[in-house]
Each structure stands twice: as C-alpha cells, then as structure tokens.
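# Here is my input; please provide its structure:
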Amino acid sequence: MHFKHPEILYFLFLLIVPILVHLFQLRRFKKEYFTNVRFLKALSIQTRKSSKIKKWLLLACRLLLLTCIVIAFAQPFFESEDSKNSSNEMYIILDNSFSMQAKGKKGELLKRAVQELLEETPENASFSLLTNTDTYWATDIKTIRNELQNLKYSAVPFQLDNILAKVKAHKSAFKKDIVVITDAVGLKSNQLKNIETDNVPYFIIPKAEQKNNTSIDSVFIRQTLDDFYELSINTTNYSEDFKPISMALYNQNKLIAKTIINFKNKKETINFTIPKQAFHGHVSIEDNDLAYDNKLFFSISNSKKNNIISIGTPEKNNFLSRIYTSDEFNYSSFTLNSLDYNSIDKQDAIILNELDEIPQALQTTLKAFVKKGGNLIIIPSETESVSSLNALLNQFGSIKFESVELNEKQITKINFSHPLFAGVFENKTNNFQYPKVKKDFTISSSSPAILNFEDDSPFLIGLRNTISSVYVFSAPLNAINSNFQQSPLIVPVFYKMALSKLNNGVNSTIIGNSTSYLVSANLAKDEVLTVKNQDGNFTPVQQLLNNKVQLFFNDYPEKAGNYTIYDSQKPIENISFNYPRTESNLDQVNENILSDYKTSDSISTIFDTLQSSRSNNQIWKWFIIFALLFLALEMAIIKFVK
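Here you go, the predicted model:
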C-alpha cells in the first residue's frame, strides 16, 4: 500500500490523547451510605466490571476512529499492475476503404464505427486519428466530431503497414497505444511483420452480415468492325447464389443499351455493340451490396491515324504496307540513306527492318524517341553487326544478342497473357500451322518472351516502360529465312506493336495507379494541362515531350467519374477514372493472422480496460467508511452498554 500524502501519518501521534484521557479519569466519586450494606456491596462490584469493559471498548473505538481519519487524509492506494504505461499516447487507426460499406448488424460498418467513436470515446481523452488518407494528430472527440461525421469512403486501399509507419515516424517521448478498427478485408500477414513489440495494437474487427457482392471489373474493345465497336464487360459475382442482375450502358448519361446478366459461373463477360465513334460514359449494375464497384467509367476517343515508318530496303518493307493500311495508319517506308531524322519525333512507331548497320546518330535519336513515348520494333539482319545491335538495345533494358544458330525452328508457344495480345484471342489456340525460321540469333534477356520457339528460346521479346515499348525479334522475317509473313500471327502482332499508348482503345484509368498517361498537345513553356468535370478539377504532375505531354495522376482524382483534359479553356481529350477493385471480395478475410493480437468488440471496452489496468486503486474512501462505522459503534456503546 502506498500513500499520496504520507506526511499526514505523523498525526497518528494524536492517538496518545484518547489514551491519556482514558487512563486519567478526573471524575470524583461521592460515598453514599445505605442500610442494606450486603446488597449494595454486590451491586458496586457489578458496576465496576461493566464500566471497565465499556471504557476499553470506547477507547478502542476512538483509537480506530482517529486512525482511520488520519489514514484517509493521507490518501492510501494500491499501485496498478500497468502503471508504467499510464502516460501512453493513444492512436486510433480507422479503415475507411470501400469494403467498410458492407452492412453489419447495425448498418454500414464504417458508419457504425464512427458512431461508436462519437458516443463511447471519453471527452477528456486525447488521441490521434489516422484513416486511409487523412491524419489528425493530438486531438479529442469534441474537436474532431465534424470530421468524423463527414468522413467519406476512400479509394485508397487499407494498408496497415503504411499507416503504422506514419505512427512510428511520429516522434514522441511516450509509448503508444494503437487501436485498429478494420474489417480486415485484404489484410495480409506481411502488413503485420514490422509491428513493434512495445506498441502491439488492439484490433476491433466489425463483421459484415452478408458477404455477397457483384463487381464490374474491366472493359475492352473485343472487336473493331467497319462502323461498330464490340465491347466486352468483365464482371465477377462473389456470392454463392447467382441471381440475375441488371446491367445498363450509358453514353454522356444517356441510356444506349440494357441487358440482364444470368451468372452461370463466378466470372461472366457481357458484350455490347456500339457505334464506332467517341464514347464518354459508364456501364452500371444494380445490386444491394457494395456500391463503389457497381459503375465502371470509360472513354473511347475518335480514331486517330498512327504515324508509322519502316527503315529498310523496299522489297523487305513490302509486307508492312499490307498491314498498315491507309484507313488506320499513316505509313511510310524509307531506306537508311533517305531517312529524314527530323520526321522521327512525329512518329508513333518505327520499324528497323533488317538493317546491316545502325549508325550512332540513329541510335541516339531512337533513344530519345522511345523516351518520349514512341514504340520501336527491331527486326535483325543476319549480316548485321551484333555489337552495333547490342549498343542500341543496351539503352532500353537487359537484352543481348549473341551467336547465330543455323537450325530450323518452329514458333510454337504464344504468351497469351502478354498485354500485346489483350483482346486478340477469344480462346487459347493450339491447333494452327506454326511458322518457322531457318536462322535466328541466340538472345539472353530477363524480359518475358511474347513468342517462343519449340525449344523455349525467344522469338519475340517486349521491353515495356510506362509510355512506350521496344519489341525485338530474334530472327530476320524475310521470305527466304522465314514463313512468318504468311502466318496468321503476323497481322495482330504487328498491328498491336504499332499502336501508341495515345490511341489504344478504351481509356479506363485506375485511381492510384502509378502508370502515366500520354496526351498529344503542344504547350508553351509555362502552360499546363488541367483535368476537370462537373464536380471539380485538379492539375496533375506533367512532363513535356515535344508534341506530347506525359501526365502522372498518383492518387488523383479522389472521386471516380468521367473527366476531360483541358489546355487552358480548350478540351483536348476525355479520360475516365475508376476505383481499384481490390475491396470487392468481402470473403478475403483471414482472421487467423490476428490470433496473436488482442481483439475487442468495441472502443469503450478498450478504454475501460486500459483505464482499469493503469489506474491506481484508491482506498481512502474505505477508511472514511470505517471511521463512520467506528463513530456509530462508539455512540451505540455509550447508549446501550451499561
């Protein structure tokens, strides 16, 4: 037992006062004479005995009464079990990702969590609140009430490790109590591995009553016809009961098509046919579960002709003119001697077709061309200098030409998952006539191959960056060395390789995606592009690349929708943004990873637990109660004991 004011215990010396009073009775007795002496003698003995007991009882009561009063004023207490952490700072991490839209027993998980914080957090409690996107340091529930009531769902997925890193970086002289409120959807064990042993968090895991959900995942142009686009919409049903769901397609908020999805499998693809013209709208479904993934915004720009040039001899370039037709491409063929270097910056793709030598000046120009968003396609010549070719390729990635092999090989393996073949094949094809080559170069590269020979050596490799690609063949494609020109593969391969990221079908950008976006625009030095819609505008990070502008959106915009890119007041291109679909599967909760951590059902329970374990047990009130009891006992002795 400890005392808050131990110096008051010196007043226990006052206990000597009642002792002295009781030892030295000042009262005098008078003698009275009676006739019946024998009777009075016996009564006198009995009175002395009871009086003596009464005095000792009164003395004991008064000593105990005074002792309890002195000890009560000294404020005794028992030290708490966790008193060393009584000065800890509180940090509350609140998950406001889209999965918290799910409904629990008392409504949407996020709204219920906010309501509990408002109702059950002590008003005098100081804490810091961190959400997926916002941080409020050293606040209290009164100060932050409006922010909590207006808290919106965030497009940024819940990343516990990133938020804990913020807490760790917040320097403080005190230890930290961390409370994490999350439904744990998508929570991985690697997000918990860096938790400090001194700051182990408490978890509150609100649970959804229904985990059914249907999401629209992606959209792409399945087929381009003369006057129409055939769109494909990928959807996923995360429930066990595949109920029919209504789907509608809107252009500029005008309904243009509607259908019913009858799920037979978890994933279904729905096709729409729309006119071959600019599109700026969305596709939507109706379900009663998560709302954020029920719309997918996308844009299709008016078709632009891609500028393509090939550098090589006319007879070897002849097959390219049959692929790059005038209705979709501005195609030109040049020999190395007739090439105008000033025209290179205006191109979307350049094909080096079996050049025997690549001059240094051309290598330097092509490096800048790729850096500014142009695609480069390299077809080697069997007589080409390997050192010259490697000097060019070293500027774009880890790829190296080695010796020539004279063995005939068949091209038998297609990397269907490569982005080059997106939307090309409906099904994986295994039974068509494979092309072959007579000679090829051995290539070493860390990049995945697009097409492989039967011995797994690469025939076509793609080196990709955020705004352009470099495609490298390992063998000449002339008719003497290969029959690839007669293969069904040649048209989709060369067609897709030539497409610039400026004009590559459907635009549907994911918010938070680090991939940049290219726009055709000629800006002055101090001019910038802005992105606007009816709800607001923002200015992305941007870099000038001659007649193009590279845009970096990072975590903007905050709200999904259809936007337009403006050069001053002039609209130049439509663009659409969507939330990532990482939160759509409500069943991706692994509660086992939290088995080693403390969990609770409410924030009030955590506050009560921390307070009870860290608050000293004040017992001075008990001594006041005892003092009153001894006072009452003294009064009873005086009244009833004779």
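# And Thr224, its phi and psi?
phi -110, psi 120 (degrees, to the nearest 10).
# oh sorry, the question was meant for Lys168
Per degrees, to the nearest 10, the backbone of Lys168 is at phi -60, psi -40.
# Below-threshold pLDDT in this structure: ranges please.
1-3, 25-50, 77-87, 197-198, 422-432, 500-504, 611-618, 642 (pLDDT under 70).
# Point to the residue nearest the middle of it.
Residue closest to the average C-alpha location in the chain (CA atoms, centre = their mean): Pro157, at 2.3 Å.
# any idea how far Thr269 is from it?
25 Å (CB to CB, to the nearest Å). Every C-beta, even on glycine, is put in place using the N, C-alpha and C of the backbone.
# Equivalent analysis for Ile178, please.
Between Ile178 and Thr269 the computed distance is 44 Å (CB to CB).
# any idea which helix or strand carries the residue lying closest to the residue nearest to the centre of the chain once chain neighbours are set aside?
Nearest residue to Pro157, sequence neighbours excluded (CB to CB, 6 or more residues apart in numbering): Thr582, at 4.9 Å. Under DSSP states H and E, no helix or strand contains Thr582.
# Thr582 and Gly186 touch, don't they?
Yes: shown here, Thr582 and Gly186 form a contact pair, counting by CB atoms under 8 Å, at 6.0 Å.
# okay, Ile178 and Thr269: which has more neighbours?
Between Ile178 and Thr269, counted using other CB atoms under 10 Å, Ile178 has the larger neighbour count: 23 against 14.
# Next up, the contacts around that one.
If you count contacts by CB atoms under 8 Å, 6 or more residues apart in numbering, Ile178 has them with Tyr91, Ile93, Leu164, Val167, Asn199, Val200, Pro201, Tyr202.
# residue ranges of the strands in the stretch 301-450 of the chain, please?
Secondary structure of the stretch 301-450 of the chain by DSSP state E, counting those that start in this stretch: the strands cover 306-311, 329-334, 349-353, 375-379, 399-405, 409-414, 436-437, 440-445, 449-453.
# Dump the C-alpha coordinates for the last one into CSV.
Just to be clear, that refers to strand 449-453. Provided in CSV are the C-alpha atoms of strand 449-453 (Å, rounded to 0.1, in the frame of the first residue of the first chain):
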residue,chain,number,x,y,z
ALA,A,449,9.0,-13.5,-74.3
ILE,A,450,5.9,-12.9,-76.3
LEU,A,451,6.5,-15.7,-78.8
ASN,A,452,8.8,-18.7,-78.2
PHE,A,453,10.4,-21.4,-80.3
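# what's the spacing between that strand and its chain's center?
35 Å (CA atoms, centre = their mean, to the nearest Å).
# just stretch 364-383 next, same as before
Per CA atoms, centre = their mean, the displacement of stretch 364-383 from the mean C-alpha position of its chain is 37 Å.
# Can you measure across it, start residue to end residue?
Terminal residues of stretch 364-383 lie 22 Å apart, using CA to CA, to the nearest Å.
# One more: stretch 329-341?
OK, stretch 329-341 end separation, CA to CA: 20 Å.
# quick one: buried residues of that stretch?
Phe329, Tyr331, Ser332, Ser333, Phe334, Leu339 (16 or more other CB atoms under 10 Å).
# In a markdown table, list the residues you listed along with distance to Ile19.
Shown next, in a markdown table, are the buried residues of stretch 329-341 (distance: CB to CB, whole Å):
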| residue | distance to Ile19 |
| --- | --- |
| Phe329 | 116 |
| Tyr331 | 119 |
| Ser332 | 120 |
| Ser333 | 123 |
| Phe334 | 121 |
| Leu339 | 120 |
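# Now stretch 621-632: buried residues?
Buried residues in stretch 621-632 (16+ other CB under 10 Å): Phe623, Phe626, Ala627, Phe630, Leu631.
# Which ones among those map onto helices?
Among these, the members falling in helices (DSSP state H) are Phe623, Phe626, Ala627, Phe630, Leu631.
# hmm, back to that, shared neighbours of Thr582 and Gly186, which are they?
Pro157.
# between these two, which one's more packed in?
Gly186 (22 against 17).
# all helices of the stretch 51-200 of the chain, in order?
Counting by DSSP state H, counting those that start in this stretch, the stretch 51-200 of the chain has these helices, from start to end: 109-120, 145-149, 160-169.
# Make CSV from those helices and add mean neighbour count and distance to Glu405 to it.
Shown next, in CSV, are those (neighbours: other CB atoms under 10 Å; distance: least, CB to CB, whole Å):
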stretch, mean neighbour count, distance to Glu405
helix 109-120, 19, 61
helix 145-149, 13, 67
helix 160-169, 16, 48
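# Lys346 is nearest to which of those helices?
helix 160-169 (42.7 Å; CB to CB).
# Run through the neighbouring helices and strands of that closest one.
With contacts taken as 3 or more CB pairs under 8 Å, 6 or more residues apart in numbering; DSSP states H and E, helix 160-169 sits against strand 89-94, strand 127-130, strand 176-181.
# export those to TSV and tack on distance to Thr325?
Listed next are the helices and strands packed on helix 160-169 as TSV, based on distance: least, CB to CB, whole Å:
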stretch	distance to Thr325
strand 89-94	57
strand 127-130	56
strand 176-181	59
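# ok, back up a step: among the contacts of Ile178, name the buried ones.
Tyr91, Ile93, Leu164, Val167, Asn199, Pro201, Tyr202.
# Let me see the contact set for the third one.
Spelled out, it's Leu164. Counting by CB under 8 Å, 6+ apart, Leu164 touches Ile93, Ile178, Asn194, Ile195, Pro201.
# Among those residues, give me the pair with the biggest separation.
Farthest pair in these, by CB to CB: Ile93 and Asn194, 14.4 Å.
# if we can go back for a sec, ok, of the buried residues of stretch 329-341, which one's closest to Tyr136?
Phe329 (54.8 Å).
# Tell me the one of the buried ones among the contacts of Ile178 nearest Thr412?
For those, the nearest to Thr412 is Leu164 (49.3 Å; CB to CB).
# What separation do you get for that closest one and Ile178?
Distance from Leu164 to Ile178, counting by CB to CB: 7 Å.
# Now do the domain split for the chain, please.
Annotated domains of the chain cover 2-79+623-640, 84-210+587-615, 214-300, 306-498, 506-578 [automatic domain parsing].
# Between its first and last residues, how far does stretch 343-361 reach?
14 Å.
# which parts of it are buried?
Buried residues in stretch 343-361 (16+ other CB under 10 Å): Ile344, Gln347, Asp348, Ala349, Ile350, Ile351, Leu352, Asn353, Glu354, Leu355, Ile358.
# tell me which of those residues is nearest to Leu109?
Asp348 (47.7 Å).
# gap between that closest one and Ile378?
Distance, Asp348 to Ile378, by CB to CB: 16 Å.
# check contacts around Glu408.
Counting by CB under 8 Å, 6+ apart, Glu408 has contacts Lys436, Val437, Lys438.
# Many thanks, I have nothing further to ask.
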